[in-house]
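Asker: With the input below, show me the fold.
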Amino acid sequence: MTSPVVIIGTGLAGYNLAREFRKLDAHTPLLLITADDGRSYSKPMLSMGYAKHKGAADLCMAEAGAMAEQLNAEIRTHTRISGIDPGHKRLWIGEEAVAYRDLVLAWGAQTVQVPVEGDASHLVFPINDLEDYARFRAAAAGKQRVLILGAGLIGCEFANDMSLGGFQVDVVAPCEQVMPTLLHPAAAGAVQRGLQDLGVRFHLGPVLTRLQQAPHGLEAHLSDGSVVGCDLVVSAIGLRPRTDLAAAAGLQVNRGVSVDRELRTSHANIFALGDCAEVDGINLLYVMPLMSCARALAQTLAGKPTAVAYGPMPITVKTPACPLVVSPPPQGREGTWQVEGQGNDLKVLCIDAGGGLLGYALTGAAVTEKLALNRQLPAVMA
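Answerer: Residues are numbered from 1 along each chain as shown. So this is what the prediction gives:
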């Protein structure tokens, strides 16, 4: 019997790769393994659920059984891999050995968590998948005050969404501006003002040190001595690519699982894509590069080795309080920033020495210029 192509992970990366592969190869055995329940959903919708009045069941697009039928695949849910044996082309689930023809790591990234003292530390909720979202929705029922840890892209999206969903929102982060690794300060200021106009309160600089029960909810003690009242806490500090099992199997890892342009790891029959993968030195935790990788890797798995290329990769951030589209300059390219516009309607451009456009951030009404600017952008990875 032919060993299957095995994909670990049933998020956007795993399921989209399976769909693309089945377009090219309808018969090779396909096995997907996931630690969760295998429901198909769009992860970007997790930070839009409250504004759209959608619970976890509403965000589910298909159950695991329906996906197995659609993909002509076996899907094993609530199953954890205990080890990978690249030399013998097999992986381990407890004592069970599972052989593979090719193995794809699509197991994503895990939330960064920091230790918090106090008797309410168990009320800090990461929201990284549909099951996390369901747990948070259950805990938040009837509550009014949410404290969000982190002012990055995800923290700002949750702040916008939960404000629209009727919560009083406080954001705590040890930085001077929102989205500090992504945005020019002028664009960051516009987004922060938009969220503040919704009622979001920002505490930029301090960190949460203690979370404790109080007579009317919780008390969040910050490192600057201030105390913020809340009912529960969302952790949106960031994501870290999952690399432990890959490293234990002897695969090369850096920030993510290191792969070449064909998404091949340091072992010939093992590939990686999505949030866990570092492609030719680049780790992008966004949907657009993931989709490019899924299409290229499907070709490779179907017998036509194909290198992935990243064109311009603008990111649309879901902060309707201040619409935002950002395209950071490619790695290693530097330019001069120019700020045009007024109020929260800003066009912030990064221009190289020859006058070419390297990147941009558009806020408010200026987002309408994205299509024209995208045509001028360089490829992220040609």
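Asker: Could I get the full set of strands for the stretch 201-350 of the chain?
Answerer: 201-204, 208-214, 217-222, 227-230, 232-235, 239-241, 257-259, 270-272, 277-279, 315-317, 324-327, 336-342, 345-351 (DSSP state E, counting those that start in this stretch).
Asker: closest to Ala106 out of these?
Answerer: strand 270-272 (7.2 Å; Cβ to Cβ). Any C-beta I mention is one placed from the backbone N, CA and C, and that applies to glycine too.
Asker: ok, His221 touching Val207?
Answerer: No: contact criterion Cβ atoms under 8 Å: His221 and Val207 do not qualify, at 10.2 Å.
Asker: what about those two, which has more around it?
Answerer: Neighbours per residue (other Cβ atoms under 10 Å) separate His221 from Val207, with His221 holding more: 18 against 15.
Asker: Contact partners for the nearest residue to the more buried one once chain neighbours are set aside?
Answerer: Of all residues not flanking His221 in the chain, Arg210 sits nearest, at 4.0 Å (Cβ to Cβ, 6 or more residues apart in numbering). Residues near Arg210 by Cβ atoms under 8 Å, 6 or more residues apart in numbering: 116-118, 219-221.
Asker: now Pro44
Answerer: Per Cβ under 8 Å, 6+ apart, neighbours of Pro44: 287, 318.
Asker: where's stretch 111-126 relative to the chain centroid, distance-wise?
Answerer: How far stretch 111-126 lies from its chain's middle: 20 Å, per Cα atoms, centre = their mean, to the nearest Å.
Asker: which other residues reach it?
Answerer: 128, 132, 135-136, 139, 149, 207-213, 218, 221, 232-240.
Asker: Just the buried ones among these, please.
Answerer: Neighbour counting over the contacts of stretch 111-126 (16 or more other Cβ atoms under 10 Å) leaves 128, 132, 136, 149, 208-211, 218, 221, 232-240 as the buried ones.
Asker: tally of neighbours for Asn269?
Answerer: For Asn269, using other Cβ under 10 Å, the count is 15.
Asker: hang on, isn't it packed against Lys89?
Answerer: Yes: the pair Asn269 / Lys89 is scored as a contact, 5.9 Å apart, by Cβ under 8 Å.
Asker: got any residues that touch both of the two?
Answerer: Contacts common to Asn269 and Lys89, judged by Cβ under 8 Å, 6+ apart, are 100-101, 103.
Asker: Now, of those, which are buried?
Answerer: Buried, going by 16+ other Cβ under 10 Å: 100, 103, out of these.
Asker: Quick check: Asn128 touching Leu239?
Answerer: Yes: using Cβ under 8 Å, Asn128 makes contact with Leu239 at a distance of 7.2 Å.
Asker: Touching both of those two, which residues are there?
Answerer: In contact with both Asn128 and Leu239: 109-111, using Cβ under 8 Å, 6+ apart.
Asker: Show only the entries of these found in strands.
Answerer: Judged by DSSP state E, those include 109-111 as members of strands.
Asker: so which of those is the most crowded?
Answerer: Ala109 leads those on contacts (other Cβ under 10 Å) with 20 neighbours.
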